[in-house]
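Asks: no FASTA, just this:
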């Protein structure tokens, strides 16, 4: 279980983006604990809401249809207004960006079927600019 670095959502292959939505729904339903996501519980719920919003924006941008928002709506019920900012600021840092990049790089090198070369090249260009 992983929440990809927020800045890489636009570069995720279809499989990882769809899995991200499934993982978020699992968090909404059970408040899963896993070594790769436990940090999210150290932040206000607003951070997870902002992250979720960014995942949904990317899914909508790619034309993915979402059947239900019930778990998400229940989880964030009563949250109130949330000011836009970068979520998980201390964890979604440059080191985590590199970790996620190399994870995606391995998926591309190993031939993940839905990882299109053009998307991977966009990721590499982005990484060269920020690292």
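Replies: Alright, I've got the coordinates. Model, not experiment: these values are computed from the prediction.
Asks: in which helix or strand would I find residue 100?
Replies: helix 94-109 (DSSP states H and E).
Asks: Report the contact partners of the residue of the chain positioned farthest from its centre.
Replies: Farthest-out residue of the chain from its mean C-alpha position, per Cα atoms, centre = their mean: residue 78, at 23.0 Å. For residue 78, no contacting residues are found, by Cβ atoms under 8 Å, 6 or more residues apart in numbering. Placement of C-beta: from N, CA and C, glycine included.
Asks: can you pull the pLDDT of it?
Replies: Listed pLDDT for residue 78 reads 96.
Asks: Three-state assignment for it, please.
Replies: Classification of residue 78 using DSSP: H, G, I helix; E, B strand; the rest coil returns coil.
Asks: re the thing from before, which residues belonging to the helix holding residue 100 are considered buried?
Replies: Under the neighbour-count criterion of 16 or more other Cβ atoms under 10 Å, helix 94-109 has 96-97, 100-101, 104, 107-108 buried.
Asks: which residue is nearest the middle of this protein?
Replies: Residue closest to the chain centre, computed by Cα atoms, centre = their mean, is residue 4 at 4.2 Å.
Asks: Much appreciated, bye for now.
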